[in-house]
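Engineer: Quick one: sequence and predicted model below, then my questions.
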Amino acid sequence: MTLEPTRTYAHIYNVVRQIPSGQVATYGQVAHAAGLPGQARQVGYALHALLEADTPWHRVINAKGTISPRAEPEQEQRQRELLEREGVVFDAQGRVDLKTYRWDVPLPDVC
DNA sequence: AACATGACCATTA
DNA sequence: GTAATGGCCATGT
């Protein structure tokens, strides 16, 4: 594969794919796990440009524990649906208990 | 090359 | 608890 023409994307996707079912990760957490501390924005951007269905993008939410407002409400609802389907419960405020479902990063650099 | 935009986050008041 | 500010950087025009 490409060495590093867009290392950000590769790392981000790689990390997102490692998120186990029934757990969620924040953009910042993914960014940090991907070796891009502070670049949470790029994570969201990468996911927005995501085309591959083999990447569990729905397991990535914002730091507030809510689903980021997207241009298409359908996708936003679908994300919630997919998460609930994996056992993740949303509260009345539509927020996920990060304290409970937050994915614990196994290692800073996994290959 | 420069400007504007964006599925964000942490800090500060 | 909310509101505002700065920062970070890839993508498209």
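Structural biologist: Now that the structure is in, tell me what you want to look at. Residues are numbered from 1 along each chain as shown, chains lettered A, B, ... in the order given.

Engineer: Just after the helix ranked longest in chain A, pick out the following helix or strand.
Structural biologist: For chain A, the helix that runs over the most residues, judged by DSSP state H, is helix A:73-85. Next helix or strand after helix A:73-85 toward the C-terminus (DSSP states H and E): helix A:98-101.

Engineer: how about that next one, does it reach DNA strand C?
Structural biologist: No: applying Cβ under 7 Å from any atom of the strand, one finds helix A:98-101 separated from DNA strand C by no less than 12.3 Å. All C-beta atoms are positioned from the backbone trio N, CA, C, and that covers glycine.

Engineer: What count of nearby residues applies to residue A:34?
Structural biologist: Residues near residue A:34, counting by other Cβ atoms under 10 Å, number 24.

Engineer: show me what contacts it?
Structural biologist: A:8, A:11, A:12, A:14, A:15, A:43 (Cβ atoms under 8 Å, 6 or more residues apart in numbering).

Engineer: In helices, which of the residues you listed appear?
Structural biologist: Among the contacts of residue A:34, the members found in helices (DSSP H) are A:8, A:11, A:12, A:14, A:15, A:43.

Engineer: just checking, the fifth one touches residue A:28?
Structural biologist: No: contact between residue A:15 and residue A:28 fails when scored by Cβ atoms under 8 Å: they sit 11.8 Å apart.

Engineer: sorry, back to before: tabulate the CA atom coordinates of the longest helix of chain A in PDB.
Structural biologist: Written as PDB, here are the backbone C-alpha positions of helix A:73-85 (Å, rounded to 0.1, in the frame of the first residue of the first chain):
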ATOM      1  CA  PRO A  73     -30.400  13.400   9.500                       C
ATOM      2  CA  GLU A  74     -30.900   9.900   8.100                       C
ATOM      3  CA  GLN A  75     -27.300   9.000   8.600                       C
ATOM      4  CA  GLU A  76     -27.400  10.400  12.100                       C
ATOM      5  CA  GLN A  77     -30.400   8.200  12.900                       C
ATOM      6  CA  ARG A  78     -28.800   5.300  11.300                       C
ATOM      7  CA  GLN A  79     -25.700   5.700  13.400                       C
ATOM      8  CA  ARG A  80     -27.800   5.600  16.600                       C
ATOM      9  CA  GLU A  81     -29.700   2.600  15.300                       C
ATOM     10  CA  LEU A  82     -26.600   0.700  14.500                       C
ATOM     11  CA  LEU A  83     -25.200   1.400  18.000                       C
ATOM     12  CA  GLU A  84     -28.400   0.400  19.700                       C
ATOM     13  CA  ARG A  85     -28.300  -2.700  17.700                       C
END
